[in-house]
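Turn this into a model:
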Amino acid sequence: MPIKLDRKLPALDILRSENVFIMDDKRANHQDIRPMEVLILNLMPTKEATETQLLRLLANTPLQINVDFLYMTSHESKNTTAQHLETFYKTFDDIKHKFYDGLIITGAPVETLAFEEVDYWDELCQVFEWSKKHVYSTLHLCWGAQAGLYYKYGIDKVQMVRKLSGIYSQTVEKPFSLLVRGFDDKFVSPHSRYTEVLRKDVEAIPDLEVIVSGEEVGLSIVASKDMREIYSFGHLEYDRDTLSKEYHRDVKANKNPDLPEHYYPDDNPDLEPPMTWNLAATTFFSNWVNYAVYQETPYRLEELEDDFSFYGYL
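I've put the predicted structure just below:
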């Protein structure tokens with residue numbers, strides 16, 4: 001089944017060229033079913049690339065999904081035009097009255113800053129608080145995962161000795177978790193970050209459990225036991241060449257970056273890297289949509305406003 005999108009969104013042409021099943025809003029309006037409502041808070045600087053990556057994965061589910069994009073008005077984007085944001089994105093004021101089955105909060109290149117120093121931190125905190133009554137399950141990615149754990153549990157990030165960048169092997173620790181249903185015991189995933197969350201800090205929270213970890217990456221996927229909070233510290237959504245673009249960007253900026261590990265054939269940045277994580281990415285996002293969202297979310301999303309028990313309000 002397809003995802004429903006604005007007919008003018010640039011990502012549609014790319015997705016259709018890949019035979020991804022897309023339904024535009026005109027056709028979808030003639031179907032008498034209750035689609036899933038998903039909000040994507042896109043904090044990445046290259047917003048159009050991230051849109052395509054996430055939509056590609058969401059489209060691999062057997063459900064019709066309405067997708068809204070959200071941006072932070074307290075931050076001025078340097079890589080995305082104001083016209084693109086005004087056309088395809090919503091502000092918090094636009095959506096604060098709405099309810100969503102799922103929310104995805106992306107990563108952001110602000111890891112070296114303290115959370116409170118990020119210019120849109122207060123606005124992001126509004127979204128975190130709002131989501132408690134307006135979203136059934138939230139998937140946090142990379143810095144978005146670190147920010148969510150800090151806001152909700154006071155778990156701070158820790159600076160790493162060097163940037164973690166590459167394709168890394170990871171082990172499924174909770175094979176009976178529905179989030180990793182269909183996974184092999186080990187799989188690989190891209191990671192690209194300067195900071196990490198320590199295992200001991202997560203294990204101190206009774207409601208959280210470690211689903212996936214890796215010898216080189218540490219924690220990879222953490223979730224609340226009811227799967228209403230998912231924290232993924234990697235970038236399963238990345239394209240084949242995303243790490244390569246980051247590396248060459250940093251070279252051009254004279255940052256003297258290390259080569260991404262386990263990525264380029266023969267560690268030659270002139271060679272095309274193989275795509276080795278697509279199956280894991282597709283399975284993970286499909287599992288989140290199906291098991292954490294679709295199977296559990298109420299038919300009437302307005303009922304979320306009365307669902308306080310998970311957050312300790314009752």
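
what's the helix or strand for Leu12?
helix 11-17 (DSSP states H and E).

For that helix, the averaged confidence score.
When pLDDT is averaged along helix 11-17, the result is 72.

Only the C-alpha atoms, please, for it, written as CSV.
Taking C-alpha atoms only, helix 11-17 is exported to CSV below (Å, rounded to 0.1, in the frame of the first residue of the first chain):
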residue,chain,number,x,y,z
ALA,A,11,10.7,13.5,-3.6
LEU,A,12,7.8,11.9,-5.5
ASP,A,13,9.7,11.8,-8.8
ILE,A,14,12.6,10.0,-7.2
LEU,A,15,10.5,7.5,-5.4
ARG,A,16,8.4,6.8,-8.5
SER,A,17,11.5,6.2,-10.6
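
So which elements touch it?
strand 22-24, helix 47-58 (3 or more CB pairs under 8 Å, 6 or more residues apart in numbering; DSSP states H and E). (C-beta placed from N, C-alpha, C; glycine too.)

Apply 10 Å and report the result again.
The contact analysis (3 or more CB pairs under 10 Å, 6 or more residues apart in numbering; DSSP states H and E) places helix 11-17 against strand 3-5, strand 22-24, helix 47-58.

distance between that helix and the chain's centre?
With CA atoms, centre = their mean, to the nearest Å as the basis, helix 11-17 stands 20 Å off its chain's centre.

likewise stretch 166-184?
Mean-position distance between stretch 166-184 and its chain equals 17 Å (CA atoms, centre = their mean).

need the helices for this protein, in chain order.
11-17, 25-28, 47-58, 82-88, 92-95, 121-134, 143-153, 199-203, 242-252, 278-287 (DSSP state H).

Least confident of the helices and strands packed on helix 11-17, on average?
Ranked by mean pLDDT, the helices and strands packed on helix 11-17 bottom out at strand 22-24, with a mean of 55.

Show me what counts as buried in the lengthiest strand in the chain.
If you go by DSSP state E, the chain has its longest strand at strand 158-172. Going by neighbour count (16 or more other CB atoms under 10 Å), the buried part of strand 158-172 is Lys163, Leu164, Ser165, Gly166, Ile167, Tyr168, Gln170, Val172.

Now render those residues as CSV, adding pLDDT.
Shown next, in CSV, are these (pLDDT from 0 to 100):
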residue, pLDDT
Lys163, 93
Leu164, 96
Ser165, 97
Gly166, 98
Ile167, 98
Tyr168, 98
Gln170, 97
Val172, 98
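
Tell me how many other residues surround Gly107.
25 (other CB atoms under 10 Å).

and if you look at the one 10 residues further on?
Residues lying near Glu117 (other CB under 10 Å) number 9.

check contacts around it.
Taking CB atoms under 10 Å, 6 or more residues apart in numbering, we find Glu117 in contact with Val110.
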